[in-house]
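S.K.: Provide a 3D model corresponding to the input given below.
(chains A, B, C and D)
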2 protein chains.
Amino acid sequence: MDERQALAAFAALGQEHRLRALRALVAAGPDGLAAGLLAEAIGIAGNTLSFHLKELSHAGLIASRREGKSVIYTAAYDGLSDLIRFLMRDCCQGRPEVCAPALSALAACCPAGDTDHV
Amino acid sequence: MDERQALAAFAALGQEHRLRALRALVAAGPDGLAAGLLAEAIGIAGNTLSFHLKELSHAGLIASRREGKSVIYTAAYDGLSDLIRFLMRDCCQGRPEVCAPALSALAACCPAGDTDHV
DNA sequence: TCTACAATTCAACGAATGTCGATATGTTGA
DNA sequence: TCAACATATCGACATTCGTTGAATTGTAGA
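M.R.: Numbering: from 1, shown residues only, chains lettered A, B, ... in the order given. Here you go, the predicted model:
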């Protein structure tokens, strides 16, 4: 991930409704959420959400697929992990005091055994 | 780190000059950089940088101290790691495919031995 | 104290952003 | 084909954001 992409990702997440949308999509898992349901969950109008989803999509943080009348949105896990890597690589800069605390989050999130395939 | 703080941090990083400022400060290390040098490094006017530094400071991503005529800015490592933790905790949500790639960044950045004190 | 330097604050401007209403596109079943 | 539903697009508007130039605050040395 280059600086330009990271910039787009940060800008995308720096907006209340977009951050909430992404969190809802991550919580929803790989099955994703229909745009309508997502709009209702966030509490904004459908057309406004469309605007924000386009932003998130352009930043590589979400993906979409059509399913019948609905368009299902899902979190782009690779985009998210790219952003985390950017933060760690760029902002850690060899200083354990930045990266080390992330380890606890890693442990809390993913069972240690699941990280072997990296 | 709560959602409001994460929002402020993302918004702060979603701006070219602010992202470059933070990266420069991280690269500078704990000694930090004087505002004037930082402005020169980024290539923007001093007063404009002041505006951006206030934004970064309010987001908890940098700190400052006066040293003679200069004001020295430094990256706030704890703020940075909080943001990384927020991303991992909130966006990982038990899915190793998001967190796992971060491990490689962690390994590349910090020697494994240095993370024991967490 | 006066001068020079370093950084910040202020007012003002143009540009970009987020939201809304209306309209358009696309999909499904009758 | 038609009506009903789900999204997306468009035009317009108010608000916010980033930059600039001028003025202000704070610090150090002559």
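S.K.: Pull up the residues of chain A that are close to DNA strand C.
M.R.: When proximity is defined by CB under 7 Å from any atom of the strand, chain A lies next to DNA strand C at A:11, A:15-17, A:44-45, A:47-48, A:51-52, A:55, A:66, A:68-69. C-beta here means a position set from N, CA and C on the backbone, and glycine is covered the same way.
S.K.: List the buried residues of the helix of greatest length in chain A.
M.R.: Taking DSSP state H as the criterion, chain A has its longest helix at helix A:77-92. Neighbour counts over helix A:77-92 (16 or more other CB atoms under 10 Å in any protein chain shown) mark A:77, A:79-92 as buried.
S.K.: what packs against that helix?
M.R.: On a contact count with 3 or more CB pairs under 8 Å, 6 or more residues apart in numbering or on different chains; DSSP states H and E, helix A:77-92 meets helix A:3-13, helix A:96-109, helix B:16-28, helix B:77-92, helix B:96-109.
S.K.: Now find how far off-centre it is within its chain.
M.R.: 11 Å (CA atoms, centre = their mean, to the nearest Å).
S.K.: Do me a favour and average the pLDDT over that helix.
M.R.: Mean pLDDT, helix A:77-92: 86.
S.K.: Report the helix or strand with the lowest average pLDDT across chain A.
M.R.: Here the helix or strand of chain A ranked lowest by mean pLDDT, DSSP states H and E is helix A:96-109, holding a mean of 68.
S.K.: tally of neighbours for the residue lying closest to residue A:67 once chain neighbours are set aside?
M.R.: Of all residues not flanking residue A:67 in the chain, residue A:34 sits nearest, at 7.7 Å (CB to CB, 6 or more residues apart in numbering or on different chains). Neighbour count of residue A:34, defined by other CB atoms under 10 Å in any protein chain shown: 16.
S.K.: what's the answer for residue A:64, then?
M.R.: 16.
S.K.: Look up which helix or strand it falls in, please.
M.R.: Using DSSP states H and E, residue A:64 maps to strand A:62-67.
S.K.: and that strand, is it in reach of DNA strand D?
M.R.: Yes: using CB under 7 Å from any atom of the strand, strand A:62-67 reaches DNA strand D at residue A:64.
S.K.: Now do that strand: which elements does it pack against?
M.R.: Right, strand A:62-67 is packed against helix A:16-28, helix A:46-58, strand A:70-75 by 3+ CB pairs under 8 Å, 6+ apart.
S.K.: can I get those in CSV with mean neighbour count and distance to chain B?
M.R.: Output for the helices and strands packed on strand A:62-67, formatted as CSV (neighbours: other CB atoms under 10 Å in any protein chain shown; distance: least, CB to the nearest CB, whole Å):
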stretch, mean neighbour count, distance to chain B
helix A:16-28, 20, 5
helix A:46-58, 16, 11
strand A:70-75, 20, 7
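S.K.: All set now, cheers.
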